[in-house]
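[1] sequence-free structure coming up:
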């Protein structure tokens, strides 16, 4: 497993002997994730899980523009994949699972754009705090991708069926206050107050019984654990789809900054 001192795409720190801060550190790519990024995020969450000092985890992005723009579509367009990984697997499903299974609340501090797979990451977090400059939305069908697991099925539990379908079928961006109105985020604050508010949440959590919090998190997740099975089927299908001509049209068009032409595939 990659050690925190060897991270290139992520930073990891334990603050106040109480909570961990995991930062996706690829601001030049809007904090989009490649294979290496996912490997490091898996490592960081495992370290947070094992560290008895850590009562909660804050997940955020570097810079002011993006929380996470999802999978690195430019990397996919250039190489046909999301790049090399430690085990030869692009284990985004494993990342989703560990974020749900870690017996400590995970707080998303959404500092900018949260789209595509980045939107899924914040949805999976137990709590979400948004900067007033944050924007939320999906991009999958535009770039030849989809998330038919937690990113859609669980999203419908959070915002309701009609809103979830609106997010996925129209692919618009929504501002932070709309996201709060839709119950997609818990709090909206000015950008300069975002991390202070996230730390406030984490400190409060750190003062509570860890065993009680563990059981509560497992209880909240129990009702939707079956989505893992749906996700397995969906991601197996996605693995084939992204390598198809139709899937690559979305990625190539994104890299070439043009509108994709999906008409031959209807």
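    Right, received. Where do you want to start? Not measured: the values here are computed from a predicted model. Numbers count the residues shown, from 1 in each chain.

[2] got the residue ranges for the strands in the stretch 51-200 of the chain?
    If DSSP state E, counting those that start in this stretch is used as the criterion, the strands of the stretch 51-200 of the chain fall at 56-61, 66-68, 106-110, 113-115, 127-131, 135-137, 174-175, 187-189.

[3] could the ones you listed be laid out in TSV, adding mean neighbour count?
    All C-beta spots, glycine's among them, are computed from the backbone N, C-alpha and C. Formatted as TSV, the strands of the stretch 51-200 of the chain follow (neighbours: other Cβ atoms under 10 Å):
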stretch	mean neighbour count
strand 56-61	27
strand 66-68	29
strand 106-110	28
strand 113-115	27
strand 127-131	26
strand 135-137	22
strand 174-175	16
strand 187-189	19
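
[4] Quick one: closest of these to residue 227.
    strand 106-110 (16.7 Å; Cβ to Cβ).

[5] Report all helices and strands that the closest one contacts.
    With contacts taken as 3 or more Cβ pairs under 8 Å, 6 or more residues apart in numbering; DSSP states H and E, strand 106-110 sits against strand 56-61, strand 66-68, helix 117-124, strand 127-131, helix 194-206.

[6] Quick check: mean pLDDT of that strand?
    For strand 106-110, the mean per-residue pLDDT is 98.

[7] Residues contacting that strand, please?
    Contacting residues not belonging to strand 106-110 are listed as 56-60, 67, 99, 114, 121-122, 124-131, 134, 136, 176, 185, 194-195, 197-198, 201-202 [Cβ atoms under 8 Å, 6 or more residues apart in numbering].

[8] I'd like to know which of the helices and strands packed on strand 106-110 lies nearest to residue 84.
    The minimum distance between residue 84 and the helices and strands packed on strand 106-110 falls on helix 117-124, with 18.3 Å, by Cβ to Cβ.

[9] Please give the centre-to-centre distance between that closest one and its chain.
    From the chain centre to the centre of helix 117-124 is a distance of 3 Å (Cα atoms, centre = their mean, to the nearest Å).
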